[in-house]
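*Asks:* Let me see the structure of the following:
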Amino acid sequence: MVRAPVITVPAFAPPKSGVRHFFGTRTHAEALGLETGAPMRAPDSQSRPSWLLSVKQVHGTEALVVDRPLTEGDRFEGGWDALVTDQPGTMVAVRTADCVPVLVHDARRRVVGAIHAGWRGAVAGIVPKTVALMQSRFSAQRESLRVSIGPSAGVCCYEVDEPVLEQIRARFAWWASVLRDHRNGSARLDLKALIARQLQDLGLDRSHVTTVNVCTICHDDLFFSYRREGKVLGTMVSAIGLAPER
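*Replies:* Sure thing, here's the model as predicted:
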């Protein structure tokens, strides 16, 4: 699976769902050349949605709602860390290099979301807030929501310090379950598990949440990593969308 240019999760979005998605790799990102804030027309409109949209990310909890068809002249100049759409033929995308890409859909209500969750956004609740937005704005239903948590820094490598630990302990009664080797003011954080537990607290069935258990820090052949490289050399692109209407 991980040798492909992109990673897909059939259990999350089978072909019959009408939902298309991918978690990108470094090779894919380099070939894609996605421009931030401007819709990009997909090269193959027969097999992929017509538009791909990524915006500036600011490690916050705000979501951009795309509820109309995109055009070539559209520009999105603000900053958001999640995108939600009900528009067929539009893929919403997030960019990561150790942070967690989270993809969400309700195939019955025909709405999808892409979320960029670093530790700040995850602790501040960007994932449950985006799910709540999908429910309030598009009537997404808890029982039909599906979530996939993509490649990110793994608990094997992701060490955080006391300022981060203080926020996690203050916000989550179950904080100990997402930390490993807690000593001398530092610990290794399982950010994927933290997000999965937030979804569990929302009442989502565990079987409706899938996780790609691959660490971006470990696999330099597959992924960019801010932690490993010490700077941003590039970002992976992960996206989700409703298939274009025929």
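*Asks:* wait, isn't Ser144 in contact with Arg109?
*Replies:* Yes. At 7.0 Å, Ser144 and Arg109 qualify as touching, with contact defined as CB atoms under 8 Å. Bear in mind the C-beta positions are built from the backbone N, C-alpha and C, glycine included.
*Asks:* higher neighbour count, the two?
*Replies:* When Ser144 and Arg109 are compared on other CB atoms under 10 Å, the one with more neighbours turns out to be Arg109, at 16 against 12.
*Asks:* pLDDT value on that one, please?
*Replies:* Looking at Arg109, its pLDDT reads 97.
*Asks:* what's it sitting at in phi/psi?
*Replies:* phi -80, psi -10 (degrees, to the nearest 10).
*Asks:* do the same with Val92
*Replies:* Given degrees, to the nearest 10, the pair of backbone angles that Val92 has is phi -100, psi 140.
*Asks:* What distance do you get for it to Ala176?
*Replies:* With distances taken as CB to CB, to the nearest Å, Val92 is found 34 Å from Ala176.
*Asks:* The two: which is more packed in?
*Replies:* More crowded of Val92 and Ala176, by other CB under 10 Å: Val92, with 28 against 12.
*Asks:* Find the residue closest to that one in space, skipping its chain neighbours.
*Replies:* Leu83 (3.6 Å; CB to CB, 6 or more residues apart in numbering).
*Asks:* avg pLDDT for the host helix or strand of the one you found?
*Replies:* Assessed by DSSP states H and E, Leu83 sits inside strand 82-85. What strand 82-85 shows for mean pLDDT is 98.
*Asks:* in its sheet, what does it sit against?
*Replies:* Here strand 82-85 is paired, per DSSP bridges, with strand 63-66 (parallel), strand 111-117 (antiparallel).
*Asks:* Make CSV out of those strands and add mean neighbour count and distance to Lys16.
*Replies:* Below are the strands paired with strand 82-85 laid out as CSV (neighbours: other CB atoms under 10 Å; distance: least, CB to CB, whole Å):
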stretch, mean neighbour count, distance to Lys16
strand 63-66, 20, 24
strand 111-117, 29, 15
